[in-house]
Every structure is written in C-alpha cells, then in structure tokens.
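1. Could you look at this predicted model? Sequence included:
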Amino acid sequence: MNLIKEIKHLLGNEIYKSGAAFYSSATTLKQGKFMIIGLNPGGDPDDETTIEASLNDCLEHDYNAFYENWNGNNKHRLQENLKSLFSFLGEELKEVCAFNLFFERTKSQKQLSLEALPIYREILLKIVDVVKPKVIFTFGKLPLAEIKMLLTKAEIEETPSGHGNWQITLCSGIMDGQLIKIVGFPLLSVYTLYNRPEQLQMVRRFVNS
C-alpha cells in the first residue's frame, strides 16, 4: 500500500514510538462516504505497540481495532459508541476509514508532542485526499479544529451533548469543491453517545439532510 509507505517515510523516527495509527484496515483507504478521526491512542507508552507495528497491522485485510478486546471482558466506551452510532445510521463501521490525528501514545493530552503536528497535518491531508469523505466524525477538540481549517464557507452549530456543558459540533462547508459535513463529538472514550437517543437521532438527521 503506497500511502502507508508514504506515511512511514514522513514519520521518520516517530514510527519507533509507542502508538497506533489506523483503527481500520488499509482496505478502507479508498473513496468512501464516512471518515472517523480521533485525537491519539491512550494507554501506557512503556508497554504498548509501536507506530510502525500498528501501520503493519492495518495491512491485514480483516484488521479493525474497534472489534478487538481492549478491556478484558468489559465493554470499551469508544468501541461501543462507534458501533452504536453506525448501527443507528445503518452503515458498516468496518468499512469506514478511521485513524488518529496523532499516532503517538500518551497517558494524557497534555503530553502530546505538538511539534510533530505539521507532519500529522500532512498525513491528514493525504488520507482525506484519498478517501474524499462526505461526512467526517471527529472526537476531541484538536481533530475538529484541524478539519475545520480545511473548509471554506463553513456553517457551524453547537448543540447540547446531553452531558453537562459539553457540546456536539455540527459543521458543513466546502472542501475541494465538494460539500462536507463534520460532526465533532467530545472524546468518545469519556462521553457516552450510545445511551443518548436524542443525540443519535440529531446526528442522523444532520448526516442525511
């Protein structure tokens, strides 16, 4: 897969850090309706997979991290949120290109190496250019901000998430001459979407409008 080779080249020595790139198989690196962008992988950087190993894993045809056992016999909130969302939309989650803005694994957002952001912006642009999504789901503020910068004539609406003061952002705009819709969620490893029918219905209306 040429794009994976390009990504490895751009990352340089970054690929030896603990981290994870794609949640989905490299087979999703093609034109598709949806795209999912998270912030970065959590966990312990001292004993987790390297970015290089993660990029190799996604070359397996049936690879999809959303269906791995992340939490023993307990359900993982991020996985359940996205499975519920795509089931509600009547779409197949395994066919959606899903990846992190940052591939480096950290225990908290504050530990992210922001000096690497220009590299990850270039990678983001390459992936978006290949997939050409019509709808992008983000979780976390930074992925949403990065995608919004790619839009012109953006229209943005904030709507209650159902959790305290947290908001869900609904955004539409033009990217490369095409209408793109963006749904920006709070971090889906913290926020629960799967038990909020009002928010699920709102997202479905926006996506299908």
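-> Yes, it's here. Numbering: from 1, shown residues only.
2. C-alpha only now, for contacts and for neighbours.
-> Will do.
3. Next, the residue nearest the centre of the chain: secondary structure please.
-> The centroid of the chain falls nearest to Ile37 when counting by C-alpha atoms, centre = their mean (1.7 Å). Following DSSP: H, G, I helix; E, B strand; the rest coil, we place Ile37 in the strand state.
4. Could I get the pLDDT score of the residue nearest to it when sequence neighbours are not counted?
-> With sequence-adjacent residues excluded and distances taken as C-alpha to C-alpha, 6 or more residues apart in numbering, Ile37 is closest to Thr138, at 4.8 Å. pLDDT for Thr138: 97.
5. ok, now which ones touch the residue nearest to the centre of the chain?
-> 98-101, 136-139, 143 (C-alpha atoms under 8 Å, 6 or more residues apart in numbering).
6. try 10 Å
-> By C-alpha atoms under 10 Å, 6 or more residues apart in numbering, the contact list for Ile37 reads 22-23, 97-102, 124, 136-140, 143-144, 147, 184.
7. Same check on Gln201?
-> 85, 88-89, 207.
8. Whichever of the residues you listed end up buried, select them in ChimeraX.
-> Here is the ChimeraX selection string for the buried members of the contacts of Gln201, based on 16 or more other C-alpha atoms under 10 Å:
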select :85,89,207
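9. Which of the contacts of Gln201 sits closest to Gly32?
-> Val207 (14.2 Å; C-alpha to C-alpha).
10. May I see the buried residues of the helix or strand encompassing the closest one?
-> Per DSSP states H and E: Val207 is located in helix 197-208. Neighbour-count burial for helix 197-208, with 16+ other C-alpha under 10 Å as criterion, is recorded at 199-200, 203, 207.
11. Need the max-distance pair from those residues.
-> Farthest pair in those, by C-alpha to C-alpha: Gln199 and Val207, 12.3 Å.
12. right, and Asn56 touches Ile7 too?
-> No. Asn56 is beyond contact range of Ile7, at 11.5 Å (criterion: C-alpha atoms under 10 Å).
13. Which neighbours do those two have in common?
-> Contact with both Asn56 and Ile7 is made by residues Ala21, according to C-alpha under 10 Å, 6+ apart.
14. Which one's more surrounded, the two?
-> Ile7 (21 against 16; other C-alpha atoms under 10 Å).
15. so the more buried one is in which element?
-> helix 2-11.
16. what's the offset of that helix from the middle of its chain?
-> A distance of 18 Å separates the centroid of the chain from that of helix 2-11, by C-alpha atoms, centre = their mean, to the nearest Å.
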